[in-house]
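Trainee: from the sequence below, what's the structure:
(one chain, ligands or ions: 1)
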Amino acid sequence: MNINGTHYTTIWMTHANEKVLKIIDQRDLPFRLTIEEISTLDGMCTAIRDMHLRGAPLIGVAGAFGMYLALLESSEMAPDTAAENAKKKIIATRPTAVNLVWAVQRVFSVIQLAKSPAEKIQAALSEANAIREFEIENCRKIGEFGLPLIEKIAGKKKGAPVHILTHCNAGWLACIDYGTATAPIYAAHDAGIPVHVWVDETRPRNQGARITAFELGEHGVPHTVIADNTGGHLMQHGMVDMVIVGSDRTTRRGDVCNKIGTYLKALAAADSNVPFYAALPSSTIDFSMSDGIKEIPIEMRDENEVHYVTGMSVETITDVRITPKTSKAVNYAFDVTPARLVTGLITERGVCRADETEINTLFGKKCPPASGMSGVP
Ligand code: MRU
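Mentor: From the prediction side, this is the model:
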């Protein structure tokens, strides 16, 4: 997608230097466009943990390239040992989004299959690139399959805009391109369907207010930022036609884990009969888990993300404390919306109900491989 008229993806490498990854440092958005260069495993782990980059598909791809970087710097260590260590280190950075485990495991498997150290490095690079391409294409298809859902609502609204509420940032900046929740929105906007997006600010890190609003604005999509608690009121008054969110891990029975606060939007949507969709690539489905509330590990982040808000003061990006110095805070990063509150899942293979039978009909019992290899969990 574009920033200031220039096409960007969120993570890339130039042919001139295949030892350095470039990423958009999202901590500076929407105030500044900062491109960070990463050339070490530690650098990539820091970028994922400290959220220079974020969003389930993107951290998966970043983790995959982290495995490649680990092999590049492993001259002192056997490549398989370096890969094993790197796998553990990367997976420990963020526990909730299953894309990270999926992508890292995929690269680890090709490293093990390759023979010489040079072949292992090449295999890791090709697999990371394949995963990146796979996720771009997945998001494009999510847009294609989600578009008719918006078209159908637009058909009933006789030219009035379709109001879509979204939470957090499940846009192209959380992926590589297009986004998950935003892909159908961009497709509808580009097809000339009038859409308007209610953007939940998404405390504590404000991914909605800062990142979703930024990317929708860059693409010219009408949107309004709302305080997190506003959605229920809007739904009660017929001001939301549908909700589309992303997901960090969806279980085989369709429980959707996403940014903290998603569950409350799903409850409000159910009470007001507003359709609630989760848009996700198959790399986000965890076929090993069924009951999301019991089984999905919920990341706990630093309480300072609750105590402080980041913003722009004159020309400086700065953190401002908003709680008393003596107060404690707790920071659960994700919650689980049970399948019964989810109208449907928008995936790269089509739209299905959030239930095990329909998910299996689309995907079998595991996520399709990124590069034609099989047998990778
Ligand atoms: O903590 P974050 O910002 O990485 O959380 C991201 C989300 O919750 C997104 O909604 C989710 O990853 C879906 S991204 C396409």
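Trainee: and for residue 117, the neighbour number?
Mentor: Using other Cβ atoms under 10 Å, residue 117 has 16 other residues around it. In this view, the C-beta of every residue, glycine as well, is placed from N, C-alpha and C.
Trainee: that one contacts residue 79, doesn't it?
Mentor: Yes - with contact defined as Cβ atoms under 8 Å, residue 117 reaches residue 79; the gap is 5.0 Å.
Trainee: identify the contacts common to those two.
Mentor: Jointly contacting residue 117 and residue 79 under the rule Cβ atoms under 8 Å, 6 or more residues apart in numbering are residue 71.
Trainee: how far away is residue 62 from residue 362?
Mentor: Using Cβ to Cβ, to the nearest Å, we find residue 62 at a distance of 26 Å from residue 362.
Trainee: can you pick out the residue with more neighbours from those two?
Mentor: For residue 62 versus residue 362, the count of surrounding residues by other Cβ under 10 Å is larger for residue 62: 31 against 15.
Trainee: now the more buried one, what are its backbone angles?
Mentor: Dihedral angles of residue 62 (phi, psi; degrees, to the nearest 10) stand at phi -60, psi -40.
Trainee: what's near enough to touch the residue of the stretch 151-300 of the chain found nearest the ligand?
Mentor: Scanning the stretch 151-300 of the chain for the residue nearest the ligand gives residue 246, at 2.6 Å (criterion: Cβ to the nearest ligand atom). Contacts for residue 246 were tallied using Cβ under 8 Å, 6+ apart; they are 55-56, 168, 170, 174, 179-181, 258-259, 278-280.
Trainee: ok, and the most crowded of the residues you listed?
Mentor: Top of the contacts of residue 246 by neighbour number is residue 170, holding 34 neighbours under the definition other Cβ under 10 Å.
Trainee: list the contacts of residue 146.
Mentor: Residue 146 neighbours (Cβ under 8 Å, 6+ apart): 183, 184, 187, 244, 277, 279, 346, 351.
Trainee: surely the fifth one and residue 247 touch.
Mentor: No - the pair residue 277 / residue 247 is not scored as a contact, 10.3 Å apart, by Cβ under 8 Å.
Trainee: more crowded one of these two?
Mentor: The neighbour comparison of residue 277 against residue 247 (other Cβ under 10 Å) goes to residue 247, with 30 against 23.
Trainee: are we agreed that that one is in a helix?
Mentor: No - judged by DSSP: H, G, I helix; E, B strand; the rest coil, residue 247 forms no part of a helix; its state is coil.
Trainee: now it, nearest residue through space, not along the chain?
Mentor: residue 280 (4.2 Å; Cβ to Cβ, 6 or more residues apart in numbering).
Trainee: ok, now which ones touch the one you found?
Mentor: By Cβ under 8 Å, 6+ apart, residue 280 lies in contact with 56, 142, 180, 246, 247, 250, 256, 345, 346, 347.
Trainee: recalculate using a threshold of 10 Å.
Mentor: By Cβ atoms under 10 Å, 6 or more residues apart in numbering, residue 280 lies in contact with 56-57, 99, 138-139, 142, 170, 180-181, 245-250, 256, 258, 345-348.
Trainee: can you give me the strands in the stretch 251-377 of the chain?
Mentor: Secondary structure of the stretch 251-377 of the chain, counting by DSSP state E, counting those that start in this stretch: strands at 256-259, 276-279, 285-286, 308-313, 316-321, 334-337, 344-347, 350-352.
Trainee: okay, now residue 227: neighbour count?
Mentor: If you count neighbours by other Cβ under 10 Å, residue 227 ends up with 10.
Trainee: so it sits against residue 209, correct?
Mentor: Yes - under the criterion of Cβ atoms under 10 Å, residue 227 is in contact with residue 209, at a separation of 9.1 Å.
Trainee: contacting residues around the residue lying closest to the residue of the stretch 151-300 of the chain closest to the ligand once chain neighbours are set aside?
Mentor: Using Cβ to Cβ, 6+ apart and skipping residues adjacent in sequence, the residue nearest residue 246 is residue 170, 2.6 Å away. Residue 170 makes contact with 55-57, 139, 142, 179-183, 207-208, 211-212, 244-248, 258-259, 262, 278-280 under the criterion Cβ under 10 Å, 6+ apart.
Trainee: out of the strands of the stretch 251-377 of the chain, which is the most enclosed?
Mentor: strand 256-259 (a mean of 28; mean count of other Cβ atoms under 10 Å).
Trainee: would you map the strands across the stretch 1-150 of the chain?
Mentor: Along the stretch 1-150 of the chain, the stretches classed as strands by DSSP E, counting those that start in this stretch are 2-3, 6-7, 11-14, 17-24, 35-38.
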